[in-house]
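Asker: Build me a model:
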Amino acid sequence: MNTVRRAAAALAAAAVVLGTGAALPAAADTPSPSASGGTSTGGLYGTGDPTYDGVWRQSLAFLAQRGTGFQPADQSVDWLLGQQCADGSFGSYRADATKPCDAKTMRDTNATALAVQALGAVRRQAADPEKVDKAVKAGHGWLRSVQNKDGGWGYVPGGGPSDANSTSVIIGALAATGVRPGSFTSAEGRTPYDALLTFAVPCSDKAGAGAFAYQPDKTGKLLANADATAAATLAGLGKSVVSTKASPEQAPTCQDLTKPTVERAALNGASYLTKALAKTGHLTAPPMPGSTDTTEKPDIGNTADAVVALAAAGAAQQAQPALEWLEKNSAAWAKQSGPAAYAQLILAARATETDPREFGTADLVEQLNALGPAPKSPDTSAAATSDDEESGFDVWWIIGIGMVVGVGIGFLVSGRKK
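Answerer: Okay, here's the model as predicted:
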């Protein structure tokens, strides 16, 4: 997932330089030495080149730390806040954050969405919660301002066609920060879920039954894309990358409805992922364009994302073989790929109620924390806060709902006695 973003960001930058608005294809998620670990300085996680993934990897690291009860260091939060433009947007990375963003500054819908979610997760324990809250709201406003007519988003704002991955990341971020995605409508009255459904491959398609496409191809055909399917499965359920195991357990099946719903499409996506993982225990990535090596390689990052998606869909049992494969085969990839890779594995472990401190032979939490400024010590309230943020509800809303329910039960009991 992290390398997908770096490739997409690089293509986006090239498109701007060349003056084109070409759609961005999904790229393979393979190890990249540019994101390798090591303790960074200045608040940024990792020491690798942050040009294409700085904000993304920082945000994923925050979400993984909050999911394990840690609060990122104040200087790390300040680094992420400093990357935000005055209009609320984020780019993949700004080398000189002291200079104001201008028309030439590359904005990135994916980085903006994940940064908004990450800041929402850390705001309660931040040194300046009000400042963080303003940043989250500014990010919401910018995302609404660049929403496409169909209700979705593309990677690059400004008229580029929507894609399943970008739309899904934004849906998850909105839900996790207390905004109902269904209320986030375009000027034409379309919601992000309307856009998401346009990428769903019908069950009647033998090659990709139940999957999601990244975008339609040139002929309008929807081709199954595992990366897009993992993202859209979560989004269709109204969940984000910080998801926990759903119950009751269910073996996902693919069903076409006369009037499709986004929830049904998400479960269809889970069905596709189950079948794809059953073949080898992991997903594979096609060869990179121009590569002389034409063999498909294991796609570790996307396999981790698929595990999260299946757990969120109530199919943790179907995800278990893939999780076990990750425990045995992900160590070298994570070390080479850096903070976002460790974060993806932690989120996969968390989603399946697996201890990320005993992930195979690795302590993922210790390894991630070592790649940036030392986070604040874990506590039970911090872990609980992460769960609240992921669900999109403030704890006070939950308390209020409980009070209302209690009053209602009192009336029912009183009525029955009478």
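
Asker: my read: residue 186 touches residue 153, true?
Answerer: No: counting by C-beta atoms under 8 Å, residue 186 stays clear of residue 153, with 10.0 Å between them. All C-beta spots, glycine's among them, are computed from the backbone N, C-alpha and C.

Asker: Now for the two: what residues contact both?
Answerer: Taking C-beta atoms under 8 Å, 6 or more residues apart in numbering as the criterion, residue 186 and residue 153 both touch residue 147.

Asker: Would you confirm that residue 204 contacts residue 255?
Answerer: No: between residue 204 and residue 255 there is no contact under C-beta under 8 Å: 10.9 Å.

Asker: Listing request: residues of the stretch 251-400 of the chain with sub-threshold pLDDT.
Answerer: Along the stretch 251-400 of the chain, the model assigns pLDDT under 70 to residues 379-400.

Asker: where along it do the strands fall?
Answerer: 284-285, 297-298 (DSSP state E, counting those that start in this stretch).

Asker: Pick the most buried one from these.
Answerer: strand 284-285 (a mean of 19; mean count of other C-beta atoms under 10 Å).

Asker: Would you list the strands that that one pairs with, along with their directions?
Answerer: Here strand 284-285 has these sheet partners by DSSP bridges: strand 297-298 (antiparallel).

Asker: Grab the nearest non-local neighbour of residue 322.
Answerer: residue 277 (4.8 Å; C-beta to C-beta, 6 or more residues apart in numbering).

Asker: can I assume residue 135 sits in a helix?
Answerer: Yes: checked against DSSP: H, G, I helix; E, B strand; the rest coil, residue 135 lies within a helix.

Asker: That one contacts residue 82, doesn't it?
Answerer: No: counting by C-beta under 8 Å, residue 135 stays clear of residue 82, with 10.2 Å between them.

Asker: re the thing from before, and the residue nearest to residue 322, what does it touch?
Answerer: In this structure, residue 277 makes contact with 283, 303, 306, 310, 318-319, 321-322, judged by C-beta under 8 Å, 6+ apart.

Asker: between those, which is closest to residue 50?
Answerer: Closest approach to residue 50 among those (C-beta to C-beta): residue 303, at 24.7 Å.

Asker: For that closest one, give me its contacts.
Answerer: Residue 303 touches 277, 282-283, 322, 325-326, counting by C-beta under 8 Å, 6+ apart.

Asker: Kindly recompute the last result at 6 Å.
Answerer: 282-283, 322 (C-beta atoms under 6 Å, 6 or more residues apart in numbering).

Asker: can you check residue 193 too?
Answerer: Listed by C-beta under 6 Å, 6+ apart, the contact set of residue 193 reads residue 262.

Asker: Make sure it is indeed in a helix.
Answerer: Yes: assessed with three-state DSSP, residue 193 lies in a helix.

Asker: how near is it to residue 115?
Answerer: 23 Å (C-beta to C-beta, to the nearest Å).

Asker: one step back: and the residue nearest to residue 322, how far is that from residue 164?
Answerer: Relative to residue 164, and taking C-beta to C-beta, residue 277 is found at 19 Å.

Asker: now swap in residue 253 and tell me
Answerer: From residue 253 over to residue 164 the distance is 21 Å, taken as C-beta to C-beta.

Asker: got it, and residue 236?
Answerer: Residue 236 sits 10 Å away from residue 164, going by C-beta to C-beta.

Asker: which one is the residue nearest the centre of the chain nearest to, not counting chain neighbours?
Answerer: Geometric centre of the chain, nearest residue: residue 241, 4.2 Å, by C-alpha atoms, centre = their mean. Spatial nearest neighbour of residue 241, excluding adjacent residues (C-beta to C-beta, 6+ apart): residue 347 at 5.6 Å.

Asker: so who does the one you found touch?
Answerer: Listed by C-beta under 6 Å, 6+ apart, the contact set of residue 347 reads 64, 241, 308.

Asker: Let's see which of those end up in helices.
Answerer: Under the assignment DSSP state H, the contacts of residue 347 contribute 64, 308 to helices.

Asker: Let me have the contacts of residue 347 in TSV, adding distance to residue 47 as columns.
Answerer: Formatted as TSV, these follow (distance: C-beta to C-beta, whole Å):
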residue	distance to residue 47
64	18
241	24
308	27
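
Asker: The spatially closest residue to residue 351 that is not a sequence neighbour: what's it in contact with?
Answerer: In this structure, residue 351 finds its nearest non-sequential neighbour in residue 311, 3.9 Å apart by C-beta to C-beta, 6+ apart. Counting by C-beta under 6 Å, 6+ apart, residue 311 touches 245, 319, 351-352.

Asker: Out of these, flag the one nearest to residue 222.
Answerer: Each of the contacts of residue 311 was checked against residue 222 using C-beta to C-beta; the closest is residue 319, at 24.3 Å.

Asker: All good on my end, thank you.
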